[in-house]
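Trainee: Mind looking at a prediction? Sequence and model below.
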Amino acid sequence: MQLDFPNNPTPGQIFLATNNVAYQWDPIKTKWFTRLAPLEGGITNPGPNPPANPVVGTLWWDNVGGQLYTWYDDGDSAQWIETSPIPD
């Protein structure tokens, strides 16, 4: 089966192929790799910048600020929210 990956992917972009396998673009290695986590929640992306094209429930670990965020959509807007308070 030939997969039709998007042209010019953005860093961290997730692509759900017709074979129901999720792939994510790695801009450093410049290749797609298979996601082992489910698409709905549970995807943790460590790094200084949030991942591109998150889905509801995606987790992002800000490894510079030391904060865990989740992508949340309340129906009116979508944004990254802190999952726990930043320690004093």
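Mentor: Received the coordinates, thanks.
Trainee: What about T70, how many residues nearby?
Mentor: 17 (other CB atoms under 10 Å). To be clear about C-beta, it is placed using only N, CA and C from the backbone, and glycine gets the same treatment.
Trainee: That one reaches G57, doesn't it?
Mentor: Yes. Taking contacts as CB atoms under 8 Å, T70 lies within contact range of G57: 6.4 Å.
Trainee: what's the longest strand along the chain packed up against?
Mentor: When the chain is parsed with DSSP state E, its longest strand is strand 67-73. Counting contacts by 3 or more CB pairs under 8 Å, 6 or more residues apart in numbering; DSSP states H and E, strand 67-73 packs against strand 59-62, strand 78-82.
Trainee: Where among the ones you listed is average confidence lowest?
Mentor: Mean pLDDT per stretch puts strand 59-62 lowest among the helices and strands packed on strand 67-73, at a mean of 83.
Trainee: and it, which strands flank it?
Mentor: strand 44-47 (parallel), strand 67-73 (antiparallel) (DSSP bridges).
Trainee: Do me a favour and average the pLDDT over the longest one.
Mentor: The one in question is strand 67-73. 83.
Trainee: if we can go back for a sec, looking at the strands paired with strand 59-62, which is nearest to Y23?
Mentor: strand 44-47 (14.4 Å; CB to CB).
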